[in-house]
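> For reference, the sequence and a predicted model appear below.
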Amino acid sequence: MESVEKNAGHKEVEPLRDLSDAEDFFNSTVEPALMGSKCMQCEALMLGGRTACSTCLSRSIESVRLAREGVVYSCTRVHVMQSREGPVDLAYIDLADGVRTLAELRSDEAENIGRAVILDFDADGWWFRPATEGATA
Ligand SMILES: [Zn+2]
């Protein structure tokens with residue numbers, strides 16, 4: 001019997017870089033938006049600048065602006081942080097186009113899960129706030 005060399009036919013491949021450096025995660029040139037990537041092969045939407053699709057591995061990727069509006073999936077309060085003074089509310093936001101992101105939530109409401117929120121920003125950063133906040137002011 002012929003011996004088969006281990007891994008015969010195995011082709012060495014470079015690991016795929018997942019995130020690109022070139023794409024901005026946040027872009028406020030027109031109106032504030034988180035930047036994402038859209039796969040031109042399977043149409044999957046992903047957060048941030050990608051070099052390959054996380055669903056089908058296609059490298060045919062286009063940069064897109066993600067929806068500003070979303071709904072709070074879950075949230076928690078962080079009291080101690082190394083990078084800044086707490087407490088800070090962190091929330092998983094399901095954006096209107098289906099992408100889920102972890103972001104700061106600035107809300108005076110006691111209960112935020114299920115709340116409609118919108119992306120807001122200033123010179124220091126970006127966060128989500130209740131979509132109705134300030135609408136009646
Ligand atoms: Zn894809």
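Noted; the coordinates are in hand.

> so which helix or strand takes in the residue nearest to residue 115 when sequence neighbours are not counted?
Using CB to CB, 6 or more residues apart in numbering and skipping residues adjacent in sequence, the residue nearest residue 115 is residue 72, 4.9 Å away. All C-beta spots, glycine's among them, are computed from the backbone N, C-alpha and C. Using DSSP states H and E, residue 72 sits in strand 69-78.

> if we can go back for a sec, in contact with the residue nearest to residue 115, which residues?
91, 92, 93, 94, 105, 112, 113, 114, 115, 117, 128 (CB atoms under 8 Å, 6 or more residues apart in numbering).

> From the ion, how far out is the last one?
Noted for residue 128: a distance of 27 Å to the ion, by CB to the ion, to the nearest Å.

> Off-centre distance for the helix or strand of the chain with the lowest mean pLDDT?
Least confident helix or strand of the chain, by mean pLDDT, DSSP states H and E, is strand 26-27 with a mean of 70. With CA atoms, centre = their mean, to the nearest Å as the basis, strand 26-27 stands 11 Å off its chain's centre.
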